[in-house]
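**Q** Task: produce atomic coordinates for the following.
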Amino acid sequence: MPIVLLFLAISFELARYLSASGNERGAVVTLLKAQAQGDVPAMLGHLDGCAQDPACVAQVRRNAATLNAKGQPKILLLESGSAYTLTSSTGLTRVVWADLQDKGQTYVQCVTVRKHWSLVDGATVSLRRIGPRIGNEASC
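**A** Numbering: from 1, shown residues only. From the prediction side, this is the model:
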């Protein structure tokens, strides 16, 4: 019986650990939706600490004005710079996305992501900053 309980506990923690990438993807999609709608207040609400940083606010405003999309953003590729951390980690995530209504138009941006994982709390993800559009082959 103790081995079964140990297996269940390890399986539970492993599932919580692996959910961090899904949490990151979901948070980025939510941010991109706000950006596509040109919704600066919503973008600021999804970026921890950005509203207190004038440079971050200015970047968000520029993105909302120039990267608004006609339809629904769809992530084509997400390359996480903080994937699968066993502690806390901050890194740049490169996201390639497209507007489903505007065929052929792709966007590449970098998002600063903070991940924290613990046995008690599981995985938490917070977005800190979003950069301007970069070249399709550019790195963060």
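**Q** Let's see the pLDDT reported for residue 99.
**A** Looking at residue 99, its pLDDT stands at 86.
**Q** Residue 30 now?
**A** Note on residue 30: pLDDT of 95.
**Q** What's the local residue count around it?
**A** A total of 16 residues lie near residue 30 under the criterion other C-beta atoms under 10 Å. For glycine as for every other residue, the C-beta is placed from the backbone atoms N, C-alpha and C.
**Q** Equivalent analysis for the one 10 residues further on, please.
**A** Neighbouring residues of residue 40 were enumerated by other C-beta under 10 Å; the total is 16.
**Q** helix or strand for the residue nearest to the spatial centre of the chain, which one?
**A** Nearest to the geometric centre of the chain sits residue 28, at 3.2 Å (C-alpha atoms, centre = their mean). Using DSSP states H and E, residue 28 maps to helix 2-36.
**Q** again, but for residue 124
**A** Judged by DSSP H and E, residue 124 forms part of strand 122-130.
**Q** Now do the buried residues in that strand.
**A** Buried residues in strand 122-130, counting neighbours by 16 or more other C-beta atoms under 10 Å, are found at 122-123, 125-130.
**Q** do stretch 30-45 as well
**A** Buried residues in stretch 30-45, defined by neighbour count with 16+ other C-beta under 10 Å: 30-36, 38-40, 42-44.
**Q** where does this structure have low pLDDT?
**A** Flagging of the chain using pLDDT under 70 yields the residue ranges 4-21, 83-86, 119-122.
**Q** residues in contact with stretch 109-126?
**A** 13, 16-17, 19-20, 23-24, 27-28, 31, 48, 63, 67, 80-82, 85-95, 97, 127-134, 140 (C-beta atoms under 8 Å, 6 or more residues apart in numbering).
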